[in-house]
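S.K.: What follows is a predicted structure for the sequence shown.
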Amino acid sequence: MASSMNPTSSNDSLETYSIFWLDASVNNEENIKAQKKLRRIINQLRTFVDPEEFLDRVRFIQQGDLTILIVSGQMGRIVVPEMQKLAQVSSIYVYCFDKEANLQWSQPYKKVKAVCTKLDELIDIIRVDQKNRGRNEEALAMDILDRSSTELNGEFLHSQLLIDVLIRMKPSQQDKNELLALLKKEYKTNENELKLVNEFHMAYESHKAIWW
């Protein structure tokens with residue numbers, strides 16, 4: 001059976017994290033509503049009904065990108081053993097009807113963060129966990145900043161030079177239009193983010209760049 005995916009099917013996302021959701025009924029009415037809520041947490045969300053296609057897509061996630069997996073209890077038994085081994089898989093969440101049974105088989109897998117029977121509970125847990133991941137990344141960045149200049153790696157210094165170059169660049173309407181086109185493509189399935197993009201389109205001025 002073919003997978004059901006949102007229109008952005010490549011791994012060229014602007015964001016580090018994505019959500020992959022594998023479930024035979026992933027696109028029923030209730031789950032579609034849940035997808036909209038999840039996109040407010042992590043924009044890139046792809047849905048699958050076929051375990052083999054799901055496995056193939058996860059295996060080919062680009063280096064440096066991370067995915068959060070949502071799997072049904074039945075399909076989780078098939079895919080989780082392999083997903084546990086992959087560096088690009090950050091966390092796994094099992095959404096099912098029989099919590100006790102799925103807790104038993106999933107217990108040995110450390111990447112399984114929760115087994116949930118209610119969608120609202122699942123979404124709340126993912127929201128909290130994602131905030132914690134963001135805090136951990138910020139703490140790591142601050143740790144880098146606290147080191148002496150001799151300890152800073154070349155990649156960090158390169159990023160600082162790039163920021164300096166960007167600050168010195170003169171504003172260009174063409175650059176703004178290209179950025180808007182990119183953002184609209186990235187967030188075309190996310191109503192909330194598109195509202196912000198449209199607000200940026202109408203209200204952005206170069207002297208307010210830091211505010212944005």
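M.R.: All right, it came through fine. Keep in mind the model is a prediction, meaning the values are calculated, not measured.
S.K.: Quick one: classify residue 97 as helix, strand or coil.
M.R.: Per DSSP: H, G, I helix; E, B strand; the rest coil, the secondary structure class of residue 97 is coil.
S.K.: got the contact list for the nearest residue to it once chain neighbours are set aside?
M.R.: The shortest distance from residue 97 to any non-neighbouring residue, by C-beta to C-beta, 6 or more residues apart in numbering, is to residue 117 (6.1 Å). Where you see a C-beta, it was placed from the backbone N, CA and C, and this is true even at glycine. Each residue near residue 117 by C-beta atoms under 8 Å, 6 or more residues apart in numbering is listed here: 95, 96, 97, 98, 99.
S.K.: Same list as before, those that is, but in a markdown table and with neighbour count, distance to residue 160 and pLDDT included.
M.R.: Compiled in a markdown table, the contacts of residue 117 are given as follows (neighbours: other C-beta atoms under 10 Å; distance: C-beta to C-beta, whole Å; pLDDT from 0 to 100):
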| residue | neighbour count | distance to residue 160 | pLDDT |
| --- | --- | --- | --- |
| 95 | 24 | 42 | 98 |
| 96 | 20 | 47 | 97 |
| 97 | 10 | 51 | 96 |
| 98 | 12 | 52 | 97 |
| 99 | 15 | 48 | 97 |
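S.K.: For the residues you listed, which two are the farthest from each other?
M.R.: Pairwise distances across those (C-beta to C-beta) peak at 11.3 Å, for the pair 95 and 98.
S.K.: Common neighbours of the two, please.
M.R.: Overlap between the contact sets of residue 95 and residue 98, as judged by C-beta under 8 Å, 6+ apart, is given by 73, 117.
S.K.: mind listing what's buried in the helix or strand encompassing residue 178?
M.R.: Per DSSP states H and E, residue 178 falls inside helix 173-186. Using 16 or more other C-beta atoms under 10 Å as the burial criterion, the residues of helix 173-186 that qualify are 183, 186.
S.K.: Mind giving me the packing neighbours of it?
M.R.: The helices and strands touching helix 173-186, judged by 3 or more C-beta pairs under 8 Å, 6 or more residues apart in numbering; DSSP states H and E, are helix 191-203.
S.K.: Domain map for the chain?
M.R.: Structurally, the chain divides into domains by automatic domain parsing as follows: 17-135, 153-208.
S.K.: any idea which helix or strand of this structure has the worst average confidence?
M.R.: Comparing helices and strands within the chain by mean pLDDT, DSSP states H and E singles out helix 154-168 as the least confident, with a mean of 70.
S.K.: in this structure, which spans are helices?
M.R.: Secondary structure of the chain, counting by DSSP state H: helices at 29-39, 51-59, 73-83, 99-106, 119-146, 154-168, 173-186, 191-203.
S.K.: most tightly surrounded among these?
M.R.: When you average the neighbours per residue for each of the helices of the chain (mean count of other C-beta atoms under 10 Å), helix 73-83 leads with a mean of 19.
S.K.: ok so, going back, mean pLDDT lowest where, among the helices of the chain?
M.R.: For those, the bottom mean pLDDT is recorded on helix 154-168, which sits at a mean of 70.
S.K.: circling back: out of the contacts of residue 117, who's nearest residue 126?
M.R.: Each of the contacts of residue 117 was checked against residue 126 using C-beta to C-beta; the closest is residue 95, at 10.4 Å.
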